[in-house]
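Student: please find the sequence and the predicted model below.
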Amino acid sequence: MEPPSTRDQADGGPAEGLTTRVKRVHLLWWGVALLAIYLGLSFFNDPNGTMGADEGAKVATLKTMSEKSSFRPDVGYWASGLDEEGVYHGLTFTTRIGDQYVNVTTLPMILLGRALWDLGGARAVLLLPMLGGVATAFCARSLALRVASEQGRERASLMAFWLVGLASPVLIYALDIWEHTLGLAAMGWGVVMILDVAHLDMRRSGTDSSEPGRQGAGSERDPQAHAGVLKWRAALFAGALFGLAASMRTEAIVYFVTSVGIGCAALGWPRMWRAPLRVAALALVGFCLLFLANIGLELAVLGEPFRSNRATGAASVAGQDLLVRAKESMTTLFSLAPTLDLEHVLYGFCFAAGIGLFVMSAIGKVPKTIGYLALAGSVLAMLDRVTLGSGFWPGLFATTPVAAAGLFLGWSPRPRRWVLVMGLLPLPLVFVFQFPGGAAPQWGGRYILLSGLLLEVVGFATLAELGRSTQQVLMGMAIVVTVMGLAWSSQRTHEVARAGEILSARPEAVLISPQGFPPREFGATWGAKDWLSTQGRSDVPGAIYNGHNNLSSAVDLVRRSGKPSFAIVTTDTSVPFPEFPGFREVSREQVPLIGGLEFTVISYVRA
C-alpha cells in the first residue's frame with residue numbers, strides 16, 4: 001500500500017520478516033475498510049449532482065465521451081457552425097482545440113474515468129478519488145511515523161490514517177469527481193521521499209546521531225553505498241510523484257520547488273553542496289519525465305498540450321488584483337463561511353488561535369484558565385458557523401483544526417520543523433499564482449490541501465504526546481466540521497441534480513445563462529438541452545468580460561439557428577433584461593437551486 005521507502009528498509013531475520021508481512025496484511029485491511037466506508041458514504045450524495053462547476057464539467061465530458069464511444073474529451077457544441085470558437089458555449093471556459101471543444105484541464109483522471117463510466121456511470125468513476133483518499137490516508141500515516149516521538153508513534157500514525165481519511169477535507173474530496181485526492185496523495189508521498197533522502201544523508205554524514213535507527217559511517221556494516229543508491233532513487237521518485245501531481249494540480253509545481261529546496265537545505269546546503277545538488281537534479285529529472293509524459297499524452301489525444309498552457313496562464317496573472325488575492329488568501333486560510341467578509345476571517349483566525357492556546361496550555365506554556373477560555377471561544381465560533389446553516393467552510397484551519405495544534409506545537413524536534421516549513425513556505429506563492437475568484441465556494445482550501453495535510457500530521461504527532469482529553473477535544477471538533485461537510489455535500493448534490501433535471505425538461509429549444517457558470521453544474525443532463533452562456537451582461541454598468549458577455553449576441557445565435565424559442569436562466573433579475581427583436585417574453589417561472597436560491601426562467605418565443 002506504500003511506495004518503497006528508504007527509511008523502512010529492514011535487515012532482520014525470518015521472525016522480523018514474518019512480523020512485517022503480518023503488519024502489511026493488517027494495513028491492507030485498513031485500506032479496504034476505509035474504501036468500503038467511502039463507498040457507503042457516497043450513497044448519501046446524488047451522483048447526478050456535484051460540489052462545484054468544475055466537477056460538473058468533468059461529468060459532462062465523461063458522459064459525452066461514453067455516448068460517442070470515444071476517448072477524446074470533446075463535449076461538442078450545437079452552435080459550432082455559428083460560433084466556431086465557442087465564445088458562447090454552454091460550458092463556460094470551453095476551449096476549441098482542433099475540431100474538439102474541451103472543458104477539462106487534465107487528462108489522466110478523465111481517461112481513467114472514461115473506462116469506469118461504462119461500468120457504472122458517475123458512481124463507478126468515484127472509485128478514483130476514493131482510492132486517492134485511501135492513498136492520502138496511508139501517506140499521512142507514513143509521515144506521522146517519521147515525525148512522531150518513540151512513545152507516541154503508534155498512536156500518532158493511527159490518528160493520522162483514520163482522521164485524515166475520515167475527518168478532514170480528504171473525505172469531502174474523496175466523494176466528488178475531482179483530482180484533488182489523487183494529486184494530494186502524489187504530492188504527499190513526494191514529501192515522504194524527500195524526508196527520507198534528508199534522513200539518509202544525515203546518517204551518512206554522522207549528524208543527528210540521536211535519531212532512532214541511525215547507523216553512523218563507522219558502523220560495522222557501513223551501509224553508505226547501499227544507502228546512497230536508495231537516496232538517489234528516492235529523489236527520483238519524489239520528483240516523479242510531484243510531476244504526476246502537476247498533471248492534475250497546478251499548485252504542485254510550487255510545492256515541488258519549495259519541498260525539494262527545503263530537502264536540499266536539510267542536507268547541508270550550501271556547506272555540503274554536492275549531495276543537495278545531486279538530489280535536486282534527480283528530483284528535477286523525475287519531475288520532467290512525468291510532466292513531459294503528460295504532455296505526450298495530450299499531444300496524442302488532442303494534438304496539442306494544454307496543461308502546460310494552464311500553468312503558463314497561472315504565471316501570467318500572478319500578482320494581479322493584489323487586494324483581491326489578499327482577501328482570498330485570508331479566506332482560504334481562516335474563514336468559516338463562504339464569503340470574503342473580514343468578519344468571518346476574524347472568526348476563523350480566533351478559532352485557530354483558540355485551539356493553539358488550548359494545546360499550549362496542555363503542555364504548561366499557557367495557564368490552564370486561558371487555555372480553556374480560548375477553547376470556549378473556538379467552540380463558540382464553530383457553533384456560530386453551524387447556526388448559519390449548510391454551506392462551504394473554505395478555510396484550511398476551519399476544516400482542519402488539528403493543523404492549528406501542529407502550527408503552535410510542531411517547531412521541535414527538527415523533522416517536525418522541516419514538515420511545517422514544507423507546509424508553510426509555499427503558501428504565499430500559491431496565493432500569488434492561484435486563479436482568483438474561487439476562494440469562497442470551496443471546502444478547506446482546495447489549492448493548499450498539501451499544506452493542511454502536513455500541518456495536520458505534525459498536529460497528530462504533537463497530540464500523541466498529550467493527554468487523551470486534549471486529543472479527544474480536537475478529534476471531536478474535526479469530526480463535527482466534517483459531518484457538516486458531508487451534510488452540505490448531500491444537500492448540494494441532490495438539489496443541483498433536481499434543478500438540472502427540471503431545466504433539461506423545459507420546453508424551450510435553447511437555454512441561456514447570463515451568469516456563465518450554472519450550466520457547468522448540470523453535467524449529468526448535458527446534451528439533453530442546448531445551452532449558451534455569457535460571462536455577465538454587457539448592458540449592465542461595470543461589465544468587464546469584453547467580447548464574452550453580450551447577451552444580445554447569444555440571442556442572435558438562437559435567431560440565426562432558426563430555433564423557435566429560448567429561455568434566460570438566471571438568479572439575478574435586479575436589472576431588467578433588454579428587448580430582443582424578433583422574440584417576445586411569454587412567461588416567468590421559478591426553479592429551486594440550492595439552499596433557498598432560485599433560478600428565474602424567462603421564456604421567449606418568436607414574435
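Tutor: Ah, there it is. Residues are numbered from 1 along each chain as shown.

Student: the stretch 451-600 of the chain: helices as residue ranges?
Tutor: 468-504, 551-561 (DSSP state H, counting those that start in this stretch).

Student: from the contact counts, what lies against the last one?
Tutor: In this structure, helix 551-561 packs against strand 510-513, strand 530-533, strand 565-570, with contacts taken as 3 or more C-beta pairs under 8 Å, 6 or more residues apart in numbering; DSSP states H and E. Glycine gets a C-beta too; all of them are placed from N, C-alpha and C.

Student: which residues touch the second one?
Tutor: Applying C-beta atoms under 8 Å, 6 or more residues apart in numbering, the contact partners of strand 530-533 are 78-79, 88-92, 509-519, 554, 557-558, 563.

Student: now it: mean pLDDT?
Tutor: Strand 530-533 shows an average pLDDT of 97 in the prediction.

Student: ok, now the first one?
Tutor: The predicted model gives strand 510-513 an average pLDDT of 97.

Student: what strands line up against that strand, and which way round?
Tutor: strand 530-533 (parallel), strand 565-570 (parallel) (DSSP bridges).

Student: and these: which comes nearest I502?
Tutor: strand 565-570 (10.5 Å; C-beta to C-beta).

Student: where does the prediction get shaky in the stretch 1-150 of the chain?
Tutor: Counting by pLDDT under 70, the ranges of the stretch 1-150 of the chain that qualify are 1-20, 22.

Student: let me see the ranges of the helices in it.
Tutor: 14-42, 53-67, 108-125, 127-147.

Student: deepest of these, which one?
Tutor: The highest mean neighbour count among the helices of the stretch 1-150 of the chain, using mean count of other C-beta atoms under 10 Å, belongs to helix 127-147: a mean of 25.

Student: re earlier: mind putting the helices of the stretch 451-600 of the chain into TSV with mean neighbour count?
Tutor: Listed next are the helices of the stretch 451-600 of the chain as TSV, based on neighbours: other C-beta atoms under 10 Å:
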stretch	mean neighbour count
helix 468-504	19
helix 551-561	19
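
Student: indicate which one of those is closest to G303.
Tutor: Across the helices of the stretch 451-600 of the chain, G303 has its closest neighbour in helix 551-561 (26.7 Å, C-beta to C-beta).

Student: what's the closest one in contact with?
Tutor: Contacts for helix 551-561 (C-beta under 8 Å, 6+ apart): 79, 82-83, 88, 509-510, 512, 514, 532-534, 537-539, 566, 568, 577-578, 580, 582-583.

Student: PyMOL command for the buried members of the residues you listed?
Tutor: In PyMOL, a selection of the buried entries from the contacts of helix 551-561 looks like this (16 or more other C-beta atoms under 10 Å):
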select buried, resi 79+83+88+509+510+512+514+532+533+534+537+538+566+568+577+580+583
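
Student: F93 contacts N103, doesn't it?
Tutor: Yes. Counting by C-beta atoms under 8 Å, F93 touches N103, with 6.5 Å between them.

Student: which of these two has more neighbours?
Tutor: N103 (26 against 18; other C-beta atoms under 10 Å).

Student: make CSV out of the helices of the stretch 451-600 of the chain and add distance to L126.
Tutor: Output for those, formatted as CSV (distance: least, C-beta to C-beta, whole Å):
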stretch, distance to L126
helix 468-504, 11
helix 551-561, 34
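
Student: would you list these in a markdown table and tack on distance to G438 and mean pLDDT?
Tutor: Converted to a markdown table, those look like this (distance: least, C-beta to C-beta, whole Å; pLDDT from 0 to 100):
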| stretch | distance to G438 | mean pLDDT |
| --- | --- | --- |
| helix 468-504 | 16 | 97 |
| helix 551-561 | 24 | 95 |
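
Student: which one of the ones you listed lies nearest to L302?
Tutor: Using C-beta to C-beta, those put helix 551-561 closest to L302, at 25.5 Å.

Student: next one: that closest one to chain centre, how far?
Tutor: 37 Å (C-alpha atoms, centre = their mean, to the nearest Å).

Student: adding distance to L163, write the helices of the stretch 1-150 of the chain out as JSON lines.
Tutor: Output for those, formatted as JSON lines (distance: least, C-beta to C-beta, whole Å):
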{"stretch": "helix 14-42", "distance to L163": "11"}
{"stretch": "helix 53-67", "distance to L163": "25"}
{"stretch": "helix 108-125", "distance to L163": "25"}
{"stretch": "helix 127-147", "distance to L163": "8"}
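
Student: ok, for P367, nearest residue in space, not its chain neighbours?
Tutor: Leaving aside its sequence neighbours, P367 sits nearest to S361 (C-beta to C-beta, 6 or more residues apart in numbering; 6.5 Å).

Student: show me what contacts the one you found?
Tutor: 367-368, 370-372, 374.

Student: mind listing which of those are in strands?
Tutor: For the contacts of S361, not one is inside strands, with DSSP state E as the criterion.

Student: dump those residues into CSV; add distance to L241, pLDDT and neighbour count as well.
Tutor: Putting those into CSV (distance: C-beta to C-beta, whole Å; pLDDT from 0 to 100; neighbours: other C-beta atoms under 10 Å) gives the following:
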residue, distance to L241, pLDDT, neighbour count
P367, 44, 96, 12
K368, 43, 96, 11
I370, 42, 97, 13
G371, 39, 96, 23
Y372, 42, 97, 13
A374, 38, 97, 21
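
Student: just those residues: which are in helices?
Tutor: 368, 370-372, 374 (DSSP state H).

Student: tell me the two of those that are most distant?
Tutor: K368 and A374 (10.6 Å).

Student: give me the neighbour count for S329.
Tutor: Using other C-beta under 10 Å, S329 has 21 other residues around it.

Student: quick one: it and S168, what's the gap?
Tutor: 21 Å (C-beta to C-beta, to the nearest Å).

Student: likewise for W411?
Tutor: 22 Å.

Student: out of these two, which sits in the busier spot?
Tutor: S168 (30 against 14).

Student: what about the residue nearest to P367, which SS state?
Tutor: helix (DSSP: H, G, I helix; E, B strand; the rest coil).

Student: if we can go back for a sec, can you redo the contacts of S361 as a markdown table with distance to F351?
Tutor: Below are those laid out as a markdown table (distance: C-beta to C-beta, whole Å):
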| residue | distance to F351 |
| --- | --- |
| P367 | 20 |
| K368 | 20 |
| I370 | 16 |
| G371 | 15 |
| Y372 | 15 |
| A374 | 10 |
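
Student: out of those residues, which comes closest to C288?
Tutor: Closest to C288, out of all of the contacts of S361 and judged by C-beta to C-beta, is A374, at 47.0 Å.

Student: follow-up on the earlier one: reformat the helices and strands packed on helix 551-561 as JSON lines; add distance to G547.
Tutor: Below are the helices and strands packed on helix 551-561 laid out as JSON lines (distance: least, C-beta to C-beta, whole Å):
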{"stretch": "strand 510-513", "distance to G547": "17"}
{"stretch": "strand 530-533", "distance to G547": "14"}
{"stretch": "strand 565-570", "distance to G547": "20"}
